[in-house]
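> sequence plus the predicted model coming up.
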Amino acid sequence: MSPSELADEVHENYRRYVNPPLARVMKLSGSPIEVRAQGCTIWDHNGKAYLDFAGGYGVFTLGHSHPRVIAAVREQLECMSLSGKTMFNVLLGRASRRLAELTPGDLQISFWCNSGTEALEGAIKLARKATGRSKIVATHNAYHGKTLGALSISGREAFQEPFRPLLTDVAHVPFGDSEALDAALVDAAAFVVEPVQGEGGVNVPPLGYLRDVREACDRHGVVFIADEVQTGLGRCGYLFACERDNVVPDVMTLAKGLSGGIIPVGAYIARAEIWNRAYAKAPLLHTSTFGGNELACAAALAAMDVLVDDALVANASIRGEQLLAGARDLAARYPEVISAARGLGLLVGIELRNEGYGGWIIPEMLKAGVTAAWTLNQQRVIRLEPPLIVTEDQVKRALAAMEAGVVAAHENLGALA
Ligand code: PLP
């Protein structure tokens, strides 16, 4: 099949069977067709290589197709792929133990599932059962997923409004505002917060905010849930981003990078005291058929080892500083296009003065062979989120591609304003 025949087939399948309006937008914006990926590179159907700075929205912490993770999954596939469910399982125990070793403080008991939003559903239920209260407090502009519970505590009206009524007894407070916590947390089951808001536009809270959250949750007997689905496992230059404030939450949710981008997986990990309060007498109240399956656990175990053995957290910190400095330099040189550049580690957001500018910048970057993406709640912010294995030269190339995009937007300011 020729590349153009393949493209026709894919476009037609998307148009008829996947998502017709999205297919139209993707085709119009010149979105290529991915066929192969390795490390920081994705190849399209024409053989063109792209540096992956969208990174599957944070999934590819180890890059694509990491050989150690693939080998672990292959080995497990030959032996047993999914759990029979009625017996003990070696890898689920090992992956849970390893996660407890890596996560801060006394986080100990894990529930495994298949995505970030499921991890949030599990954490919300855990907090409600453990406290006997129903109210969940979250932050404006948060993103926690799109299943009904996680959507209810997210902070973007456009995603919520078509599905109301959602969970009742949900309150939102401004992100990063310690003063707003005490009044909101009275009689709450949980406070859910991202250490850095990812989809909300890469918002980094003031230092000490999570410490204030910890103290306020303790004062009110509220379960502190840190949603590290996007920020965890090295992404922000810390193994877990709540370590920036030296804070241990009661529950941490994870997904995205947890299996090194090989098998979909999510999890929450909780303090034993909280988990026991909820489920010591009712161990089957929250379960998942595929959660904690052997392939996902084999991938997660190998991925956690690679993260530590290859010192990827340190690389995320160093390359993150380079990327953010480059983005800030662009912001200083093109203030008519970029209003701010911010981030932590390799989660960097570039805020544009006009939503339309991204329509020039992202396609220009693609032309230059670099992928980037908008944030889901904030269409004015482009996020750069490459694998943690990214090199100095690759960061330079991405910044050059970004500059080409910014120049294109700058030349078209009149048309876009
Ligand atoms: N929580 C956070 C912080 C996220 O960034 C996301 C996804 O972007 C989710 C939860 C939902 O994860 P998933 O898309 O795997 O359901």
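Yep, it's here. Remember, it's a predicted structure, so these values are computed and weren't measured experimentally.

> for the ligand, what's its nearest residue on this structure.
Closest contact between the chain and the ligand, by CB to the nearest ligand atom, is at Gly116 (2.2 Å). Yep, even glycine has a C-beta here, placed from its N, CA and C like the rest.

> helix, strand or coil for Val406?
helix (DSSP: H, G, I helix; E, B strand; the rest coil).

> that one reaches Pro335, doesn't it?
No - using CB atoms under 8 Å, Val406 is not in contact with Pro335; the gap is 10.7 Å.

> show me what contacts the residue of the chain closest to the ligand?
By CB atoms under 8 Å, 6 or more residues apart in numbering, the residues touching Gly116 are 144-145, 150, 227, 229-230, 253-256, 266.

> per-residue pLDDT, the nearest residue to Gly39 once chain neighbours are set aside?
Nearest residue to Gly39 in three dimensions, chain neighbours excluded: Gly63, at 4.3 Å (CB to CB, 6 or more residues apart in numbering). Looking at Gly63, its pLDDT reads 98.

> near the ligand, which residues of the chain show up?
Applying CB under 6 Å from any ligand atom, we find that the chain lies next to the ligand at 57, 115-117, 120, 143-145, 194, 198-199, 227, 229-230, 255.

> neighbour-wise, which of Val406 and Pro335 wins?
Neighbours were counted for Val406 and for Pro335 using other CB atoms under 10 Å; Val406 has more, 25 against 11.

> need the contact list for the more buried one.
Residues in contact with Val406 (CB under 8 Å, 6+ apart) are 330, 334, 337-338, 361.

> out of everything not next to it in sequence, what's closest to Ala303?
Gly260 is the one closest to Ala303 (CB to CB, 6+ apart), at 3.1 Å.

> and that neighbour, how close does it get to Asn377?
Note on Gly260: its distance to Asn377, by CB to CB, to the nearest Å, is 26 Å.

> what about the residues of the chain next to the ligand, which are in strands?
Judged by DSSP state E, the residues of the chain next to the ligand include Asp227 as members of strands.

> filter the residues of the chain next to the ligand down to the buried ones.
The neighbour count (16 or more other CB atoms under 10 Å) marks 57, 115-117, 120, 143-145, 194, 198-199, 227, 229-230, 255 as buried among the residues of the chain next to the ligand.

> helix or strand with the lowest mean pLDDT in this structure?
Least confident helix or strand, the chain: helix 413-416 with a mean of 69, by mean pLDDT, DSSP states H and E.

> ok, how many other residues are close to Arg333?
13.

> CA atoms only for the longest helix seen in the chain, dumped as PDB, please.
Counting by DSSP state H, the longest helix found in the chain is helix 312-333. This file holds the C-alpha atoms of helix 312-333, laid out as PDB (Å, rounded to 0.1, in the frame of the first residue of the first chain):
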ATOM      1  CA  LEU A 312      15.800  10.100  34.500                       C
ATOM      2  CA  VAL A 313      14.500  12.400  37.200                       C
ATOM      3  CA  ALA A 314      17.800  14.300  37.200                       C
ATOM      4  CA  ASN A 315      17.700  14.600  33.500                       C
ATOM      5  CA  ALA A 316      14.200  15.900  33.600                       C
ATOM      6  CA  SER A 317      15.300  18.600  35.900                       C
ATOM      7  CA  ILE A 318      18.300  19.700  33.900                       C
ATOM      8  CA  ARG A 319      16.700  19.500  30.500                       C
ATOM      9  CA  GLY A 320      13.500  21.100  32.000                       C
ATOM     10  CA  GLU A 321      15.600  24.100  33.000                       C
ATOM     11  CA  GLN A 322      17.000  24.300  29.500                       C
ATOM     12  CA  LEU A 323      13.600  24.100  27.900                       C
ATOM     13  CA  LEU A 324      12.000  26.700  30.200                       C
ATOM     14  CA  ALA A 325      14.900  29.100  29.800                       C
ATOM     15  CA  GLY A 326      14.600  28.800  26.000                       C
ATOM     16  CA  ALA A 327      10.800  29.300  26.200                       C
ATOM     17  CA  ARG A 328      11.300  32.300  28.400                       C
ATOM     18  CA  ASP A 329      13.800  33.700  26.000                       C
ATOM     19  CA  LEU A 330      11.200  33.300  23.100                       C
ATOM     20  CA  ALA A 331       8.600  35.000  25.300                       C
ATOM     21  CA  ALA A 332      11.000  37.900  25.900                       C
ATOM     22  CA  ARG A 333      11.800  38.300  22.200                       C
END
